[in-house]
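Colleague: Structure for the following, please:
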Amino acid sequence: DDLQWADQPSIQLLRHLLGRTRHDALLVLATVRPDEVAPDHPLAELLAELRTHPRATTVSLAPLHRGDISDLVAARVPFAPTPHVVALAARLLEESGGSPFFTCELLEHFSATGELERLVEEGAAAALPIPASVRAVVVQRLARLPAAASELLEIAAVIGMSFDLTLLAEVTGRPEHEVLEVSEEVARLDLLREVGIARFAFAHAIVRATLFDSLSASRRALTHRRVAEAIVHLGRQDHDELAHHWREAGGADRADESLEGAARRDLEAPAYESARDRYQYLVEAHGSAPAQDAAALARALLGRGLARRALAESGYLADVEQAARLGRRLGDVDIVAEAAIASVWPGTFFHLPGEVPAELVELCEDALGLLPADDRRRVLVLATLASHLSFDPDRPRRVALLAEADERARRIGDPELIGSVLVAEHLALWDPTTF
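Modeller: Presented below is the predicted three-dimensional model:
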């Protein structure tokens, strides 16, 4: 068993034995991890000889699939609902990478501790504790690595389940070709797998968890900070990844900045549900902070309002109005102007027929007072103000507002601005001349 650990005399003895048993009724069964046999390993030559031996048979053991693991789980809990069994099998596959040893050790541990029934009930949501026997095997493999490789793997474990060599090299300060060489060496021990050009992943989630858990809380936070700083230095726009690493490093403010960047990206994508959920988190985070950042809260409220508006959620206006109140208090022209522009309902451009929303009219007037004369957003605010005044008896005011908006839009030459003004004219004037 585990022939890759055999020394030179043991391998010579095996070669001698195999050479003298051609006519004897003797079966020799040997197990070996070929990925742990380097070209200069004493066993390499014997394995090459056996591949061409007429009486030798090589059986390669493939990783277990989800169906295989489902069968193993079902054999231990035969009356469990099939969907729960399949869900737990998927979690076990994720943790073990299909390794028969890791999978069976996990199942044996859960059966012995009485946890298997609970884990089956929880299914995909189950948090799988790693038994000491599995950790011991992983630690044993890691112990055979040089110190430089161990340090690299610890940083990779903080980056995540997968990582790219450019980022890892940036964090470690080592040339990328050296990081590649170390990663390939570790992959030969079945601890990493190459999953793309210059990209590797841990072969088993258990390996990453063992490495990650071996770090102190301070070491983890420091490494998370190094990873975040490396992402920034590389100029990457990985907002979600940045937010995660800044938060784990204890930099909540910078994490929220990154999350806000991800929310803005979603708004532009467009991925409105995702944007709404991210802004929802930011509203709650900024709203509950002891030292409230009013500007950040206003941006989050406005962002959530814009996402909800795009999703046709009628409650969006409350977010826009609250953001506008904060923006006015801060004198933030961007918040006030964007809130004013977003204060009309898409498609109708007014909220309640027959009514003039005094607060929204005042918001647009305040935005016009803050915006510079040459700001293109004045066109949209003018058109929005005219829309809010659709049911106001002062028709000449609406005509004047729209005339100014039309003149500015045509001077700028932006078809989208011109179109917005024409829609507002149709709704705000609402007579035969606008059809």
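Colleague: ok, and what's touching stretch 158-177?
Modeller: With contact meaning CB atoms under 8 Å, 6 or more residues apart in numbering, stretch 158-177 is reached by 151-152, 155-156, 178-180, 183, 195, 198-202, 205, 208, 212, 215, 220, 223-224, 226-227, 230-231, 233-234, 241. All C-beta spots, glycine's among them, are computed from the backbone N, C-alpha and C.
Colleague: quick one: buried residues of it?
Modeller: Residues of stretch 158-177 classed as buried by neighbour count (16 or more other CB atoms under 10 Å): 158-160, 163-165, 167-172.
Colleague: follow-up on the earlier one: the contacts of stretch 158-177 in strands, which ones?
Modeller: Cross-referencing the contacts of stretch 158-177 against strands under DSSP state E gives 195, 199-202.
Colleague: Now the buried members of those.
Modeller: The neighbour-count test (16+ other CB under 10 Å) marks 200-202 as buried among the ones in strands among the contacts of stretch 158-177.
Colleague: Residue 319: which of the residues you listed is nearest?
Modeller: Closest approach between those and residue 319, by CB to CB: residue 201, at 39.8 Å.
Colleague: So residue 254 versus residue 220, what's the distance?
Modeller: Distance of residue 254 to residue 220, given as CB to CB, to the nearest Å: 17 Å.
Colleague: Repeat that for residue 355.
Modeller: Counting by CB to CB, the gap between residue 355 and residue 220 amounts to 56 Å.
Colleague: For the residue nearest the centre of the chain, give me its contacts.
Modeller: By CA atoms, centre = their mean, the mean C-alpha position of the chain lies nearest to residue 240, the distance being 5.5 Å. Residue 240 makes contact with 258-259, 262, according to CB under 8 Å, 6+ apart.
Colleague: Please tabulate these in CSV, including the columns pLDDT.
Modeller: Below are those laid out as CSV (pLDDT from 0 to 100):
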residue, pLDDT
258, 87
259, 87
262, 89
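Colleague: which pair in the ones in strands among the contacts of stretch 158-177 spans the largest distance?
Modeller: Within the ones in strands among the contacts of stretch 158-177, 199 and 202 form the most distant pair, 12.0 Å apart (CB to CB).
Colleague: Could you list the low-pLDDT ranges of this protein?
Modeller: Low-confidence segments of the chain, defined by pLDDT under 70: 20-24, 35-36, 123-127, 289-292, 346-351, 431-435.
Colleague: What ranges does it have for its strands?
Modeller: Assigned by DSSP E, the chain shows strands spanning 162-164, 192-196, 199-202.
Colleague: What strands flank the last one, and is each parallel or antiparallel?
Modeller: Strand pairing for strand 199-202, determined by DSSP bridges: strand 162-164 (antiparallel), strand 192-196 (antiparallel).
Colleague: what does it rub up against?
Modeller: By CB under 8 Å, 6+ apart, strand 199-202 touches 97, 156-157, 161-165, 183, 187, 191-195, 208.
Colleague: Could you check how far the residue nearest to the centre of the chain is from residue 283?
Modeller: 18 Å.
Colleague: neighbours around residue 414, how many?
Modeller: 14 (other CB atoms under 10 Å).
Colleague: For it, which non-adjacent residue is closest in space?
Modeller: In this structure, residue 414 finds its nearest non-sequential neighbour in residue 376, 7.2 Å apart by CB to CB, 6 or more residues apart in numbering.
Colleague: wait, what's in contact with that neighbour?
Modeller: 408, 412, 414, 417.
Colleague: got the phi/psi numbers for it?
Modeller: Here the main-chain torsion angles of residue 376 (degrees, to the nearest 10) amount to phi -60, psi -20.
Colleague: Use 43 as the first number from now on
Modeller: Fine by me, first position is 43 from now on; the one you just mentioned is residue 418.
Colleague: Quick check: the gap between it and residue 375.
Modeller: Per CB to CB, residue 418 is found 13 Å from residue 375.
Colleague: next one: residue 196
Modeller: Between residue 196 and residue 375 the computed distance is 48 Å (CB to CB).
Colleague: Ok, residue 203 next?
Modeller: Relative to residue 375, and taking CB to CB, residue 203 is found at 44 Å.
Colleague: next one: residue 132
Modeller: Going from residue 132 to residue 375 by CB to CB gives 51 Å.
Colleague: go on, residue 155?
Modeller: Residue 155 sits at a distance of 62 Å from residue 375 (criterion: CB to CB).
Colleague: Which one of those two is surrounded by more residues?
Modeller: residue 375 (17 against 11).
Colleague: mind listing what the more buried one touches?
Modeller: Residues near residue 375 by CB under 8 Å, 6+ apart: 409, 412-413.
Colleague: And those, which is closest to residue 431?
Modeller: Nearest to residue 431 among the contacts of residue 375 is residue 409, at 14.5 Å by CB to CB.
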